[in-house]
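S.K.: Got a predicted structure plus its sequence, pasted below:
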Amino acid sequence: MKTGAGCANLRSLAELASKFGMLFIYEATNQEGGTIHGEHEAADRAAVIAFLARQELIPVRIEEAQQPGERSKLLSVALFERVTPMDRVLLFRNLATALKAGLTLLETIDILIVDAQKRTLRGMLLRAKTNLSRGQELSKTFAEYPDTFSPVVVGMVEAGERSGNLDEAFNELAQYLTREYELAQKVKGALTYPAILLIAAGAVVIFMFFFTIPRLEVLFDQINAPLPFITRLFVGLSHLLREHILFDITAVGTVIAANLALRRTRRGRHLALRMVMLIPIAHEVLQKIALVRFTRTLSSALHSGLSITEALSIASRATGNEQYRVVLAEVSSQIQTGLPLSQALANHPKLFPHFLNSLITVGEKTGTTDEILHTFADFYDAEVDHTLKNLTTILEPVLLLGMGVLVATIAVSMLYPIYRFVGSFV
């Protein structure tokens with residue numbers, strides 16, 4: 001198993017290296033005798049010549065854009081660079097602006113390549129330019145980078161290409177990604193302080209087990225005081241953590257593996273969701289976040305020209321909620337049999353409120369479903385903000401109380417034997 005994983009890692013690194021090779025600037029002539037200047041990312045000059053041959057161009061001059069000594073440095077940066085949500089927002093905003101100004105898609109991408117600050121994004125744009133020059137659609141290039149461009153993005157770009165309204169699709173995407181980014185920031189902001197409290201509590205407990213308890217244990221040995229069960233338990237746990245490094249490594253590894261399993265596997269996400277759903281206010285927050293993402297994505301996809309089944313497929317993945325994903329797959333099947341969306345959603349009242357179904361019913365009658373979904377998303381976005389504030393308000397005292405109880409329990413269990421020993425002389 002290790003050998004297979006190692007080979008897979010080597011293959012993935014090789015693929016990345018091929019994507020982020022050296023950048024060459026070329027001058028070539030076409031069959032009519034015209035001169036063409038451009039740039040191409042490739043592993044070596046031979047690959048550039050082969051590329052020009054496929055384009056039926058005759059190379060005149062090929063130069064490397066950067067010094068050979070910079071290649072390893074740039075490659076290492078590219079391997080660890082990530083395209084952030086704000087990078088995506090700016091990308092689609094610039095694409096929409098340039099197309100509305102009258103530039104062609106190839107001209108726009110040429111400008112963005114020059115302005116791109118991150119080598120990872122620049123490599124993607126270079127790839128898009130190459131594919132566009134070969135007649136391939138931009139959405140197919142984006143689909144090659146699933147970690148950067150979600151199915152929502154790919155689907156909406158594809159819809160814009162079908163309808164011939166790419167500028168509107170890019171503008172809609174920029175607005176959609178902006179609202180998604182703001183929603184993610186709200187969630188992160190609400191959970192920042194509770195996370196700090198948990199880290200602080202963990203640091204205090206670790207300090208006590210590794211430094212405080214060992215010193216008190218020496219004192220217990222000196223006074224030969226009888227220790228109650230709770231004190232022996234904490235002393236034994238301190239011994240285990242300090243003297244058995246393998247146990248510490250195993251415990252940390254287990255926690256990391258469990259976290260990855262809960263986050264990256266379908267069954268793990270479903271299990272984690274079911275556990276969180278047991279907490280009433282957390283259940284409310286997750287449901288509202290899923291509804292905001294569902295309605296906003298469905299609205300944007302329908303506005304971009306996708307069919308209802310295509311839009312539902314994209315919206316179900318955008319929710320980030322396994323429970324909604326399963327139900328929406330069933331809803332999509334019912335719609336294909338002729339059932340209206342409002343009625344299909346009404347069969348699941350615990351996930352889709354009656355208010356939403358009533359609004360969709362009106363939208364289906366008036367032909368404004370996308371606009372009504374957009375209005376509902378904005379309304380529930382404000383509700384998410386309010387619910388997150390309530391969650392933070394509740395979590396703060398609960399976590400503080402939990403920290404206090406834990407630290408006090410350890411402290412009292414350590415001080416009680418000393419108190420009994422001193423009390424025996426009074």
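M.R.: Good, I have the coordinates.
S.K.: what about the strand or helix carrying residue 251, average pLDDT?
M.R.: In the assignment (DSSP states H and E), residue 251 maps to helix 245-264. Here helix 245-264 scores 78 as its mean pLDDT.
S.K.: Show me what that helix packs onto, helices and strands only.
M.R.: Applying 3 or more Cβ pairs under 8 Å, 6 or more residues apart in numbering; DSSP states H and E, we find helix 245-264 packed against helix 229-243, helix 266-276. (Glycine included, C-beta is placed from N, CA and C.)
S.K.: relative orientation of it and helix 229-243 in degrees?
M.R.: Here the directions of helix 245-264 and helix 229-243 differ by 90 degrees (axes from the mean of the first three to the mean of the last three Cα atoms, to 10 degrees).
S.K.: Residue 62 belongs to a strand?
M.R.: Yes: the assignment for residue 62 is a strand, going by DSSP: H, G, I helix; E, B strand; the rest coil.
S.K.: what's the burial count for the residue lying closest to residue 49 once chain neighbours are set aside?
M.R.: Leaving aside its chain neighbours, residue 49 sits nearest to residue 59 (5.6 Å; criterion: Cβ to Cβ, 6 or more residues apart in numbering). Neighbours of residue 59 under the rule other Cβ atoms under 10 Å: 15.
S.K.: Pretty sure residue 59 sits against residue 30.
M.R.: No: between residue 59 and residue 30 there is no contact under Cβ atoms under 8 Å: 11.5 Å.
S.K.: Would you mind listing the residues touching both of these two?
M.R.: Counting by Cβ atoms under 8 Å, 6 or more residues apart in numbering, residue 59 and residue 30 have no common neighbour.
S.K.: for the host helix or strand of residue 415, packing partners?
M.R.: Per DSSP H and E, residue 415 falls inside helix 369-423. Helix 369-423 sits against helix 166-207, helix 213-223, helix 229-243, helix 280-303, helix 354-366, with contacts defined as 3+ Cβ pairs under 8 Å, 6+ apart.
S.K.: send the alpha carbons of the fourth one over as CSV?
M.R.: Looking back up the chat, that one is helix 280-303. Provided in CSV are the C-alpha atoms of helix 280-303 (Å, rounded to 0.1, in the frame of the first residue of the first chain):
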residue,chain,number,x,y,z
PRO,A,280,-30.6,22.6,18.5
ILE,A,281,-29.0,26.0,17.7
ALA,A,282,-26.2,24.4,15.6
HIS,A,283,-28.9,22.5,13.6
GLU,A,284,-30.7,25.8,12.9
VAL,A,285,-27.5,27.5,11.7
LEU,A,286,-26.5,24.6,9.4
GLN,A,287,-29.9,24.4,7.9
LYS,A,288,-30.1,28.1,7.2
ILE,A,289,-26.6,28.1,5.6
ALA,A,290,-27.6,25.2,3.4
LEU,A,291,-30.8,27.0,2.4
VAL,A,292,-28.9,30.1,1.5
ARG,A,293,-26.4,28.2,-0.6
PHE,A,294,-29.1,26.2,-2.3
THR,A,295,-31.4,29.1,-3.2
ARG,A,296,-28.5,31.4,-4.2
THR,A,297,-26.8,28.8,-6.4
LEU,A,298,-30.1,27.6,-7.9
SER,A,299,-31.0,31.3,-8.7
SER,A,300,-27.7,32.0,-10.3
ALA,A,301,-27.7,28.8,-12.3
LEU,A,302,-31.3,29.4,-13.6
HIS,A,303,-30.5,33.0,-14.4
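S.K.: Next, the buried residues of it.
M.R.: Neighbour counts over helix 280-303 (16 or more other Cβ atoms under 10 Å) mark 282, 284-303 as buried.
S.K.: cool, the last one as well?
M.R.: For helix 354-366, burial by neighbour count (16+ other Cβ under 10 Å) applies to 356-357, 359-361, 363.
S.K.: Just give me the closest of those to residue 112.
M.R.: Closest approach between the buried residues of helix 354-366 and residue 112, by Cβ to Cβ: residue 363, at 36.1 Å.
S.K.: related to what we said a few turns ago, just the pLDDT at the residue nearest to residue 49, thanks.
M.R.: The predicted local confidence for residue 59 is 75.
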